[in-house]
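>>> sequence and computational prediction follow.
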Amino acid sequence: MSATAIPNAPAPQRQIDNALTSGQLPRFFEVWALIGSLVVSGVLFAVVGFSVVGWIVVAAIVYLLIVGVISSIVENRRKAVDRLVRGVVVIMFLLALAPLLSTLIDVIARGAGDAFDPNFAFKVGGSHFDPVSLKVTTTIGAWQSVVGTLIITGIATVISVPIGILTAIYLVEYGRPNSTMNRAVTFLVDVMTGIPSIVAGLFAFSLFTLIIGPKAFSGFSAAIALCVLMIPIVVRSSEEMLKLVPLDLREASYALGVTKFVTITRIVLPTAISGLITGVMIAIARVIGETAPIFIAASFTNNFNADPFRNAMSTLPVMAYTGYKFPSTDVAGSVASAWGAALLLVILVVILNLIARIVARVFAPKGLR
Amino acid sequence: MTESSLAAPRRITAKARPSDRIFKFLSTGSATLILVILAGVALFLIVKAAPAIAADWTKGDLAGGTTAHHTSFLSYTAPLIWGTLWSSIIALIMGAPVAIGIALFISHYAPRRFAGILAYLVDLLAAVPSIIFGLWGIFTIRPFLLPFQHWLNAHAGWFPLFGGQASQSGSTMFAAGVVLAVMILPIITSITREIFLQTPRLHEEAALALGATKWETVRLAVFPYARSGMLSAILLGLGRALGETMAVAMILSPSLVFSLRLFTDNQNSQTIAANIALNFPESNELQREALIGTGLALFVISLVVNFAARFIIGRTGRSSGGKKAKSLPPTNPSTILALDDAESPLEALHPHASSAHPEGVKPSQPEGPRS
């Protein structure tokens, strides 16, 4: 076949080398476009003065422009849109990582000086007024807050975990899937996860002022507020975990004539134990960083107080808040100890999450792997 | 086997043991306790707030301090409600598209092998305590956003949102909105991600077989399937933003006004939660009760938002998900799996070890309310 066979056919505008790859961009086009846009943006910012953020933002815009224009010229509009969306979606993901990295760097960089000093974590801090010399001495320390955090979260855990797991057992083992009670409880647990934490704090405050009278600030009251936030998380995760236990195991147990109570405690719970512990750990990590409810229900203080039933109690998140918002005469020192408290808090959260992961690995039932 | 035993099988009942009864009582009791707690929250707030709502605001305790110049509970709460909604809407406008984009990236664009890790990274955002976002907002985000705000204020000041005297400190509604947007990212992302993953395989494969590009597949198969799930995820994100306390309380320099402005210092609307946190320590008895009243308003608003979200998801679970599942005969095992998933979109709210994430998105996810 030659082009002369049809006299009035339009002359081919250019030679097509390979019909399979014509009208397509090369395979690593997007990588080259990315490198190109980084260079272009870099050159641009080298002229006006360098800033990392500006460099990345402009590079992202240039990248989208390059990809969009070249792809719509060489390929077609549909493919250009496709490539653009791919670029936008990746950029959005990177955008979400930026705050995560930025907060971590901030907390570590600003809190490290204090939090890694054993005097900070294990010494009672605050301002002390000496009536003899009439001098206010400020000591830096967070021990009162560490103790307060552990006590309040501990009480909340001791109350919420049995209630949460028993409710989950009711939902999975006792209630019929579509019974009114089951649906109501599931729905209300969902609603409870949506309670704003400050409302939980107000609830605890109202409850205790009505029972005890005004100035009913106590660690226990804060723990009750945390329970309102923690129970739905525990119920949710435990329910999911109990549902993962195969029905066969239960039926095998019943077939042997084992009672329901023994089936649940000896078969179902041990099978799900790793998931249950993981869920509880993550629930603790969630509520340990709560600020507002503790601030409302336990107020704030600089004094060491290990009695959860009397007087205000300090916790790490509240200490971070008050250190910034109500600084002592030494403003820089207060802010520094606020960051120190924040870093201690992050370390606690990380430890809890690590325990959760390790427990999930170690206790995972062998039959279910 | 005799014939009579077949005809009338004797009903065998297990002997009821005390341990059984006690345990059943305990677990039923716990479930009932949930109802009691929720009712208790509403009840105690109402009881405690009633005196302030009924009180005369022009004299007595309420005439001074933080509640001065307000003639009634309504005139005190209305600007706060506005501020709460406004800040949350700003956060949603900035956060929701990004969150959905991330969900799409993790579910459809990222390499399968890394999807679990990437999802975990975004979920880590939910583990960061809100107080830390507050400190971060003050020391990093405020100065970071300031040049951008000044530029928009100078060049687009005619637009009502950007107008007014530009802030010098950066304690603006915009900065608070950015931090709120970051805080609601993980909840919206994790829910939409799970729902995107539940899109029936066949729908996507059909689109691809017709020559659709990836984006067209997403637009034609994934989005229509996930529409209601996305909507309720956004509503749950809204619920989260409404109740966010500490970040807003720390960043915003507020006043109790109806204001649209984003870049000003003292003309920002205030949110209910932040107002409570700021004024609670220095209030007297009746003013605290007024604050509890505003808390009650917040409780009601977030209940409504959460109800709406659950309702939308619940309805999808019954109608569209179920119907689609039935109209397509399962032809291969993967489809059957996908359809099994599709029948209970509610599960998506509580991501557990799903097949698509071998790395295991543990039941962690950003469900819990935070301050």
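Happy to help now that I have it. Numbering: from 1, shown residues only, chains lettered A, B, ... in the order given.

>>> check residue 197 and give its pLDDT.
Using chain A. Looking at A:Ser197, its pLDDT reads 91.

>>> other chain: chain B
89.

>>> I'd say it and B:Ala110 touch.
No - between B:Leu197 and B:Ala110 there is no contact under Cβ atoms under 8 Å: 11.9 Å. Any C-beta I mention is one placed from the backbone N, CA and C, and that applies to glycine too.

>>> for the stretch 251-369 of chain A, just list every one of the helices.
A:260-262, A:269-288, A:292-297, A:316-325, A:331-362 (DSSP state H, counting those that start in this stretch).

>>> is the longest one anywhere near chain B?
Yes - Helix A:331-362 lies in contact with chain B when judged by Cβ under 8 Å from any Cβ of the partner chain; the contacting residues are A:338-339, A:342, A:345-346, A:349, A:353, A:356-357, A:360.

>>> now residue 241: which helix or strand?
With no chain named, the answer covers chain A. helix A:219-244 (DSSP states H and E).

>>> not quite, go with chain B.
helix B:223-243.

>>> so which residues of the stretch 1-150 of chain A form strands?
Along the stretch 1-150 of chain A, the segments classed as strands by DSSP state E, counting those that start in this stretch run A:126-130, A:135-139.

>>> equivalent analysis for the stretch 201-350 of chain B, please.
Going by DSSP E, counting those that start in this stretch, the stretch 201-350 of chain B shows no strands.

>>> is chain B contacted by stretch A:30-41?
No - no part of stretch A:30-41 sits near chain B under the criterion Cβ under 8 Å from any Cβ; the closest distance found is 12.1 Å.

>>> what about the residue of the stretch 101-250 of chain A found nearest chain B, neighbour count?
Nearest residue of the stretch 101-250 of chain A to chain B, counting by Cβ to the nearest Cβ: A:Pro196, 2.4 Å away. The burial count assigned to A:Pro196 is 31, neighbours taken as other Cβ atoms under 10 Å in any protein chain shown.

>>> wait, isn't it in contact with B:Leu298?
Yes - with contacts counted by Cβ under 8 Å, A:Pro196 reaches B:Leu298, the gap being 5.7 Å.

>>> any residues in contact with both of the two?
Common neighbours of A:Pro196 and B:Leu298 (criterion: Cβ atoms under 8 Å, 6 or more residues apart in numbering or on different chains): B:242-243, B:273.

>>> dump the residue contacts of the residue of the stretch 1-150 of chain B found nearest chain A.
At 2.5 Å from chain A, B:Pro129 is the closest residue in the stretch 1-150 of chain B, using Cβ to the nearest Cβ. Counting by Cβ under 8 Å, 6+ apart, B:Pro129 makes contact with A:288-291, A:317, A:342, A:345-346, A:349, B:370.

>>> single out whichever of those has the smallest pLDDT.
Scoring those by pLDDT puts B:Arg370 last, at 41.

>>> just confirm yes or no for stretch B:88-102 near chain A.
Yes - under the criterion of Cβ under 8 Å from any Cβ, chain A is reached by stretch B:88-102 at B:97-99, B:101-102.

>>> how near is A:Arg286 to A:Leu348?
Distance of A:Arg286 to A:Leu348, given as Cβ to Cβ, to the nearest Å: 12 Å.

>>> neighbour-wise, which of these two wins?
More neighbours surround A:Arg286 than the other of A:Arg286 and A:Leu348, with 25 against 20 (other Cβ under 10 Å).

>>> and the more buried one, how close does it get to B:Trp136?
19 Å.

>>> and if you look at B:Gly65?
Applying Cβ to Cβ to B:Gly65 and B:Trp136 gives a distance of 31 Å.

>>> more neighbours: which of these two?
B:Trp136 (26 against 13).

>>> buried by neighbour count: which residues of stretch A:301-318 qualify?
Using 16 or more other Cβ atoms under 10 Å in any protein chain shown as the test for burial, stretch A:301-318 gives A:301-302, A:304-305, A:308, A:312-318.

>>> return the residues in contact with the closest residue to B:Phe263 other than its chain neighbours.
Leaving out its chain neighbours, the residue that sits closest to B:Phe263 by Cβ to Cβ, 6 or more residues apart in numbering or on different chains is B:Gln149, at 4.5 Å. Neighbouring residues of B:Gln149 by Cβ under 8 Å, 6+ apart: B:166-167, B:170, B:172, B:174, B:262-263.

>>> is stretch B:66-75 positioned near chain A?
No - figure legend: stretch B:66-75 not in contact with chain A (Cβ under 8 Å from any Cβ); closest approach 15.2 Å.

>>> same question but for stretch B:207-217, I mixed them up
Yes - judged by Cβ under 8 Å from any Cβ, stretch B:207-217 comes into contact with chain A through B:213-216.

>>> can you show me the helices along the stretch 101-250 of chain B?
B:112-127, B:130-136, B:142-155, B:173-197, B:201-209, B:214-217, B:223-243, B:246-251.

>>> next one: the stretch 1-150 of chain A
Under DSSP H, counting those that start in this stretch, the stretch 1-150 of chain A gives helices at A:29-48, A:52-74, A:77-115, A:118-121, A:143-169.

>>> closest one to A:Ile233 among the helices of the stretch 251-369 of chain A?
helix A:269-288 (4.1 Å; Cβ to Cβ).

>>> tell me the angle of that closest one relative to helix A:219-244?
Per axes from the mean of the first three to the mean of the last three Cα atoms, to 10 degrees, the angle that helix A:269-288 makes with helix A:219-244 is 140 degrees.
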